[in-house]
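Asker: okay, here's the prediction I keep looking at, along with the sequence it came from:
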Amino acid sequence: DFTRGHMMSDAWLLDVKTHQWHLVATEGCKRPSPRTFNADGGGGGILRDQKTQREWMVIYGGLRGEGYRDNETWLLGPLESDCALWRWQEIEE
């Protein structure tokens with residue numbers, strides 16, 4: 001919540017069958033810095049790798065501090081794996 005001066009960088013998955021939340025992509029990987037107002041590509045923000053057929057959630061940009069917008073693009077997944085195996089991957093130029 002940017003209005004109270006703090007932003008988050010965690011990612012959560014809701015298991016709709018069990019109604020339980022799971023914290024994902026927590027260990028051993030670089031992750032996006034805390035931000036708010038990022039884009040997920042609209043209706044879901046999913047990208048499919050045509051070679052591997054793996055799917056990734058896409059996160060773009062956001063506000064990292066008052067007046068500081070970034071243009072980083074991050075992928076989270078691969079989504080067909082167990083969520084305990086999901087990792088962040090930054091897309092670089």
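Answerer: Looks like it came in fine.
Asker: in the particular helix or strand that has His22 in it, what's buried?
Answerer: Taking DSSP states H and E as the criterion, His22 maps to strand 20-24. Under the neighbour-count criterion of 16 or more other Cβ atoms under 10 Å, strand 20-24 has Val24 buried. To be clear about C-beta, it is placed using only N, CA and C from the backbone, and glycine gets the same treatment.
Asker: mind listing the strands it pairs with, and their directions?
Answerer: strand 11-15 (antiparallel) (DSSP bridges).
Asker: quick one on the thing from earlier: for the next helix or strand along the chain from the strand holding His22, buried residues please.
Answerer: Of the helices and strands lying after strand 20-24 in sequence (DSSP H and E), the nearest is strand 46-48. Within strand 46-48, the residues scored as buried using 16+ other Cβ under 10 Å are Leu47.
Asker: which regions of this structure sit below the pLDDT cut-off?
Answerer: Flagging of the chain using pLDDT under 70 yields the residue ranges 1-6, 40-44, 93.
Asker: show me what Leu13 bridges to in the sheet.
Answerer: His22.
Asker: residues near it, how many?
Answerer: 17 (other Cβ atoms under 10 Å).
Asker: pretty sure it contacts Gln20?
Answerer: No. At 9.2 Å, Leu13 does not count as touching Gln20 under the criterion of Cβ atoms under 8 Å.
Asker: for Ile46, give the beta-bridge partners.
Answerer: Met57.
Asker: so who does it touch?
Answerer: 55-58, 79 (Cβ atoms under 8 Å, 6 or more residues apart in numbering).
Asker: show me which of the residues you listed are buried.
Answerer: Judged by 16+ other Cβ under 10 Å, buried ones among the contacts of Ile46: 56-58, 79.
Asker: what's the farthest-apart pair in these?
Answerer: Val58 and Leu79 (10.9 Å; Cβ to Cβ).
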